[in-house]
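# Pasted the sequence and its predicted model underneath.
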Amino acid sequence: MCKAANALKANGIQKGDRVCFYMPMVPELAIGVLACARIGAVHSVVFAGFSANSLADRIKDATCKMVICSDYNDRGAKHIIVKDVVDEALAMGCDSIETVLVHRNTGGKISWHEGRDKWWHEAVDHQPAACPAEPMDAEDMLFILYTSGSTGKPKGVVHTCGGYMVFTCYTFQNVFQYEDGDIYWCTADIGWVTGHSYIVYGPLLAGATTVMFEGVPTYPNASRFWQVCEKLRVTQFYTAPTAIRALMAHGDQYVEGFDLSSIKVLGSVGEPINEEAWRWYDQKVGKGRAPIVDTWWQTETGGILISPLPGITEPKPCFATNPLPGVQPCLLDQEGREIEGNDVEGLLCIKFPWPSILRTTYGDHERCRQTYFAPFDNYYFTGDGARRDADGMYRIIGRVDDVINVSGHRLGTAEIENAINTHPQVVESAVVGYPHDIKGQGIYAYVITGAPVADDNTFRHEILDAVTKVIGPIAKPDKIQIVSGLPKTRSGKIMRRILRKVASGETSNLGDVSTLLNPEVVDEIMDGALND
Ligand code: 7RM
């Protein structure tokens, strides 16, 4: 790591400079991120499933000086030329980039820009093995991580050195009850906040052994996770409900027969876990012996805020249960009044800051204020709705804004709409989430075209290609319904409530449609609904 830090310095990276990472789950990603922290450079990791377009937007927004990438990414059976995506992004006006450090992952031919591109091993291997840590203020920037919101453009969430490190370490130790000799494994990708906080920073600050896995849960088959758990004698296992549901759907034979007796704690994160998945995780993986910690938190919170503590909190399926010590959640009504008492539901807010609360959104402090602190005076607004049951325990219901959670990936419906609208035949579109058995939420797109499309199938494929190109394959709609109009209020606002209901298969009980400008379109939309 110190060699990598020296290599960054030798290539002109100084305290405060931004370095972008775009690579699969190889050790060099964690090493590179820590090398930045060592010299006070700010890392901005972009999930390698994002498109060249998304990568370029993020590089430009943070005016990064360097990109660190890999040559290729073997993901399951797929062979992705990562370096080509970087070249494509850099051709989109990323003028701030001076150097591209390329880590040789699989080997193989790649294109090369002399002067700009350098091999990681050539830059790093000969460096001195010591690099003094840069003195940092607790409030100096540690990293930027882009996350989707209700508007089109993802925000660069900023975390700082002191609070973030204190809180990820503290929450890691308490939520996972890590002990000497334990082997902790979080299956997330470092491209998301879970990987930052609970693969890299939290575990390593606590001196834990943390597993990094470069693969997918279903390759070569649906036993992959359990094979690894058995082989490494994993003691704490942390994954997302979407992975649990996908593996559950493959059948119990893939988990049965593995020795999972080393597992002491099971974690869940990223989206609400349904009861069936919770029970399967508890019984088939934990054999009823390993407490499940359903951890609620966000990119913006930096670390876990609401979670059971293993061995202390009485397990309750689907409940994130209680706030961690020092965290003060509350529920507000639409008018911003606090809802007191138990057995109630409302908008989840936090009353008092915690160490790893986001400090700003990069380059736009006002946007940070508007998004999180302006909705309700003196509260941090999470964007989630939650229920507090008779025992005072919290159950997260899900987003109340235009953010959807697809396979644990956070996406803004507006970003997907913008991507769809790049298709020349699209006049307008509206994207909503709908309940999906495996992904948690699926993506349902309503699309208005200028003229009737010649071939439905071709058109749908073109839409999928457009979304893949603008955002990445993770944002591809599951269903595309071509409509002649969208239900709008007299002020021209799309009534998403109706679109959500139709997408989720509800055809009666659409609520009041009398305020619509064009109520007739509702029948057409219902008739053409793509329900299984
Ligand atoms: C860690 C992460 C944040 C959003 C958040 C919620 C949802 C996360 C849970 C959950 C129910 C959970 N960061 N969410 N954890 N919903 N139960 N345990 O996922 O920024 O990518 O997403 O994810 O809606 O607002 S994130």
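Structure's in. What do you need? Numbers count the residues shown, from 1 in each chain.
# contacting residues around Ile525?
By Cβ atoms under 8 Å, 6 or more residues apart in numbering, the residues touching Ile525 are 446, 481, 483, 487, 498-499, 502. To be clear about C-beta, it is placed using only N, CA and C from the backbone, and glycine gets the same treatment.
# let me fix that: Cys349
The contact partners of Cys349, taken as Cβ under 8 Å, 6+ apart, are 329-332, 376, 379-382.
# Out of these, grab the one that's most surrounded.
Thr382 (25 neighbours; other Cβ atoms under 10 Å).
# What pairs with the helix or strand where that residue lies, parallel or antiparallel?
Assessed by DSSP states H and E, Thr382 sits inside strand 380-388. In the sheet, strand 380-388 lines up against strand 344-350 (antiparallel), strand 394-399 (antiparallel) (DSSP bridges).
# Nearest to the ligand, out of those strands?
Closest to the ligand of the strands paired with strand 380-388 is strand 394-399 (Cβ to the nearest ligand atom; 3.6 Å).
# Show me which residues of the closest one are buried.
394-396, 398-399 (16 or more other Cβ atoms under 10 Å).
# That strand and the ligand in contact?
Yes: under the criterion of Cβ under 6 Å from any ligand atom, the ligand is reached by strand 394-399 at 396, 398-399.
# mind putting those in JSON lines, pLDDT and distance to Phe319 included?
Shown next, in JSON lines, are those (pLDDT from 0 to 100; distance: Cβ to Cβ, whole Å):
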{"residue": "Ile396", "pLDDT": "97", "distance to Phe319": "9"}
{"residue": "Gly398", "pLDDT": "93", "distance to Phe319": "14"}
{"residue": "Arg399", "pLDDT": "94", "distance to Phe319": "18"}
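# And the contacts of Cys349, which is closest to Asp455?
Thr382 (43.6 Å; Cβ to Cβ).
# Check the contact between that closest one and Ile357; I expect there is one.
No: contact status for Thr382 versus Ile357: not in contact, 11.2 Å apart, counting by Cβ atoms under 8 Å.
# so what sits against both of these two?
Contacts common to Thr382 and Ile357, judged by Cβ under 8 Å, 6+ apart, are 300-301.
# how about the residues of the stretch 51-200 of the chain that lie near the ligand?
147, 192-194.
# How about the chain?
So the chain meets the ligand at 147, 192-194, 268-272, 294-299, 320, 382-384, 396, 398-399, 405, 410 (Cβ under 6 Å from any ligand atom).
# Could you list which of these belong to strands?
147, 268-269, 294-295, 382-384, 396, 398-399, 405, 410 (DSSP state E).
# low pLDDT regions in this structure?
Scanning the chain for pLDDT under 70 picks out no residues.
# coming back round to it: relative to the ligand, which of the contacts of Ile525 is nearest.
Out of these, the member with the shortest distance to the ligand (by Cβ to the nearest ligand atom) is Leu499, at 19.6 Å.
# Phe352: what's it in contact with?
Gln328 are the contacts of Phe352 under Cβ under 8 Å, 6+ apart.
# Repeat that for His423.
Counting by Cβ under 8 Å, 6+ apart, His423 has contacts 462-463, 466.
# where do the helices sit along the stretch 151-300 of the chain?
161-176, 193-195, 202-205, 224-232, 241-250, 275-280 (DSSP state H, counting those that start in this stretch).
# Tell me which of the ones you listed sits most buried.
The highest mean neighbour count among those, using mean count of other Cβ atoms under 10 Å, belongs to helix 193-195: a mean of 24.
# picking that back up, please list the outside residues in contact with the strand holding Thr382.
Residues contacting strand 380-388 (Cβ under 8 Å, 6+ apart): 149-150, 296, 298, 300-301, 329, 331, 342-351, 353, 357, 371-373, 375, 394-401, 403.
# For PyMOL, write the selection for the buried entries among those.
Buried residues within these, by 16+ other Cβ under 10 Å, are selected in PyMOL with:
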select buried, resi 149+296+298+300+301+329+331+346+347+348+349+350+357+371+372+375+394+395+396+398+399+400+401+403
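# What is the neighbour count of Glu462?
Using other Cβ under 10 Å: Glu462 sits among 16 other residues.
# next one: His436
Around His436 there are 18 residues (other Cβ under 10 Å).
# residues touching it, list them.
Contacts for His436 (Cβ under 8 Å, 6+ apart) come out as 406, 442, 478.
# for Ile339, same thing?
The contact partners of Ile339, by Cβ under 8 Å, 6+ apart, come to 330-333, 345-346.
# For it, give me phi and psi.
Dihedral pair for Ile339: phi -90, psi 110, per degrees, to the nearest 10.
# cool, Gly12 as well?
phi 90, psi 10.
# residues near it, how many?
11.
# Leaving out sequence neighbours, find the closest residue to it.
Glu98 (6.3 Å; Cβ to Cβ, 6 or more residues apart in numbering).
# for Ala130, same thing?
Cys2 (5.5 Å).
# Could you check how many residues crowd around that neighbour?
18.
# Quick check: beta-bridge partners of Thr99?
Met66.
# quick one on the thing from earlier: widest-spaced pair of the contacts of Ile339?
Checking the contacts of Ile339 with Cβ to Cβ, the most distant pair is Cys330 and Glu345, at 12.4 Å.
# any chance of the contacts of His423 in TSV, plus secondary structure and distance to Phe176?
Output for the contacts of His423, formatted as TSV (DSSP: H, G, I helix; E, B strand; the rest coil; distance: Cβ to Cβ, whole Å):
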residue	secondary structure	distance to Phe176
Glu462	helix	45
Ile463	helix	42
Ala466	helix	41
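# closest to Gly16 among these?
Ala466 (36.8 Å).
# Assess the claim that that closest one and Ala419 are in contact.
Yes: here Ala466 reaches Ala419: they are 5.8 Å apart, a contact under Cβ under 8 Å.
# More neighbours: which of those two?
The neighbour count for Ala466 versus Ala419, taken as other Cβ under 10 Å, is higher for Ala419 (27 against 18).
# OK, contacts around that one?
With Cβ under 8 Å, 6+ apart, Ala419 has these contacts: 466-467, 469-471, 475.
# rerun at 6 Å
466-467, 470-471 (Cβ atoms under 6 Å, 6 or more residues apart in numbering).
# Ile68 now?
Taking Cβ under 6 Å, 6+ apart as the criterion, Ile68 is in contact with 21, 32, 101.
# Downstream of the helix or strand harbouring the first one, the next helix or strand is which one?
In this case it means Phe21. Using DSSP H and E, Phe21 sits in strand 18-22. Later in the chain than strand 18-22, the nearest helix or strand by DSSP H and E is helix 27-39.
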